[in-house]
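Q: whatever this is, show me its structure:
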Amino acid sequence: MIKKLNSLTILFIITAVMVVLMLITIQRPADTSEDYSLLFPDLYKHLSTIDTITFNSSQDKFTLSKSGEGEDWFVNERWNHLADFNLVKRALIDLADAKILERKTADPEQFSQLGVEGAEEGGSSIHITLLSGDKEISGLILGVEREAGRGQGTRRFYVRRAGEQRAWLAEGYLNINPLMLNWIKSEVINIARERIAQVNIIQPNGETATIMNIGKKDKFGTPEMMAKTVFTYEQLGYDIASTLYQLRMEDVQPLSDFSRQGSEVVNAEFISFDGLKVMTETSFIDGFYYTTFRAEYDESAIKTPSADIEALNVLQTPAQVQQEVAIINKQLASWVYRFGGFTGTNLMRAKADMVTEAGQAIPMPADMMGVAP
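A: Numbering: from 1, shown residues only. As a prediction, this is how the structure comes out:
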């Protein structure tokens, strides 16, 4: 009897659930076919043809463009300087991956609450337009992020497709920055520290401060003292040799428009074991450090590194170094880069600022010991 009752109870529950689902289906509006689908269903097949992206917000207005057959993107309003390709690629894929979760209002009076009223209306939204030539492929008005569900991987934003009245709640990694400077390729140069055999920093009066690899990975000293060198702080030689490793700028401008305003110029030479020589000219102007770069291949500078450096396989062949020199000069020679104090100071250090007497070195903070760039 109990088993029979349980069976009837289960049957009743299943029937009730089916009735509720049927009622929901009947009452659900007929025009929700796009719910839970891609925000831009056809975008993936057009990604390879997109060559222009425009951004318009109350914070900034700018354009990224791609020319020719290469993958390089440029920031039009920043003298066509290189954009960060990885950021552009990520943004395009994120837009193609974005999914609709919920249908929202089509009433313009309520758009401001979701941040999808459009930049032209003085709102906080970002209007992104993707084009292939003169043809618009997709357009998105990206509104505010919904806090609910945040921190669970993908994020949720209120959005509106350009040219449409309906707002939606979408899910995806739509963390698109509205500021032009954040799209510029910030990494200027990337030379592994282990390749550096010697650094010369030459003051305007000709005085030169030199550090050299002392025959062991990550260990540097002056030519006079080598391993007995006492730097003003323990890792200074290491830090100077690391200057060109993943070096990032704060800003950039064309060399043709730049004036050093009479400021002194300090030259630095970074010489690698494999013959690469990168030369910088740095000036301190109005609280900032401004640097230019050029490179050359110096066969006479080639040296045999220690076994632990050789084992890292970071050194290049002469042909590879010459190709690297051509790329560095092509990409960097026409620009002046602005750096912060840590980088700028190391590019301009005088010998008196590098070495000290034994026992007078400044100890490194405990949380910085052993941290490699």
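
Q: low-confidence ranges in the stretch 151-300 of the chain?
A: Counting by pLDDT under 70, the ranges of the stretch 151-300 of the chain that qualify are 151-153.

Q: and the helices in it?
A: For the stretch 151-300 of the chain, the helices defined by DSSP state H, counting those that start in this stretch cover 236-241.

Q: same question, the stretch 1-150 of the chain
A: Going by DSSP H, counting those that start in this stretch, the stretch 1-150 of the chain shows helices at 2-27, 85-97, 111-114.

Q: rank these by mean pLDDT and give me the bottom one.
A: Mean pLDDT is lowest for helix 2-27 out of the helices of the stretch 1-150 of the chain, coming in at a mean of 51.

Q: what sits against R338?
A: By C-beta atoms under 8 Å, 6 or more residues apart in numbering, R338 lies in contact with 249-253, 288-291. For every residue, glycine as well, the C-beta is placed using N, CA and C.

Q: make it 6 Å
A: Applying C-beta atoms under 6 Å, 6 or more residues apart in numbering to R338 gives the contacts 250-251, 288, 290.

Q: do the same with L169
A: For L169, the contacting residues are 101-102, 104, 156, 158, by C-beta under 6 Å, 6+ apart.

Q: which residue is the nearest non-sequential neighbour of it?
A: Nearest residue to L169, sequence neighbours excluded (C-beta to C-beta, 6 or more residues apart in numbering): E102, at 4.1 Å.

Q: looking at the contacts of L169, which is nearest I93?
A: Comparing the contacts of L169 against I93 with C-beta to C-beta places R156 closest, at 17.8 Å.

Q: who does the closest one bridge with?
A: Beta bridges link R156 to E171 when assigned by DSSP bridges.

Q: that one touches R146, doesn't it?
A: Yes. Here R156 reaches R146: they are 4.5 Å apart, a contact under C-beta atoms under 6 Å.

Q: neighbour count for these two, which is higher?
A: Using other C-beta atoms under 10 Å, the more surrounded residue of R156 and R146 is R156, with 20 against 17.

Q: look up how far L38 lies from that one.
A: Per C-beta to C-beta, to the nearest Å, R156 is found 15 Å from L38.

Q: can I see the domain layout of the chain?
A: 44-183, 187-363 (automatic domain parsing).

Q: ok, which pair from the contacts of L169 is furthest apart?
A: The distance between the two most remote of these (C-beta to C-beta) is 11.5 Å, for K104 and R156.

Q: contacting residues around G237?
A: By C-beta under 6 Å, 6+ apart, the residues touching G237 are 211, 220, 231.

Q: of those residues, closest to V278?
A: Among the contacts of G237, I211 lies closest to V278 (C-beta to C-beta), at 14.8 Å.

Q: I figured the closest one hits F220, correct?
A: Yes. Counting by C-beta under 6 Å, I211 does reach F220; the two are 4.7 Å apart.

Q: dihedrals phi and psi, the residue lying closest to S124 once chain neighbours are set aside?
A: With sequence-adjacent residues excluded and distances taken as C-beta to C-beta, 6+ apart, S124 is closest to G115, at 4.9 Å. G115 adopts backbone torsions of phi 70, psi 30, taken as degrees, to the nearest 10.

Q: do you know the pLDDT at G115?
A: Model confidence at G115, given as pLDDT, is 93.

Q: burial measure for it, as a count.
A: Neighbour number of G115 under other C-beta under 10 Å is 21.

Q: check the gap between it and N200 for me.
A: Using C-beta to C-beta, G115 is found at 54 Å from N200.

Q: same thing with D257?
A: Counting by C-beta to C-beta, the separation of D257 from N200 is 29 Å.

Q: these two - which one has more neighbours?
A: Using other C-beta under 10 Å, the more surrounded residue of D257 and N200 is N200, with 16 against 8.

Q: hmm, M212 and that one touching each other?
A: No. Between N200 and M212 there is no contact under C-beta under 6 Å: 9.7 Å.

Q: just say helix, strand or coil for the closest residue to T243 other than its chain neighbours.
A: Spatial nearest neighbour of T243, chain neighbours left out: N346 (5.2 Å); criterion: C-beta to C-beta, 6+ apart. Following DSSP: H, G, I helix; E, B strand; the rest coil, the label given to N346 is helix.
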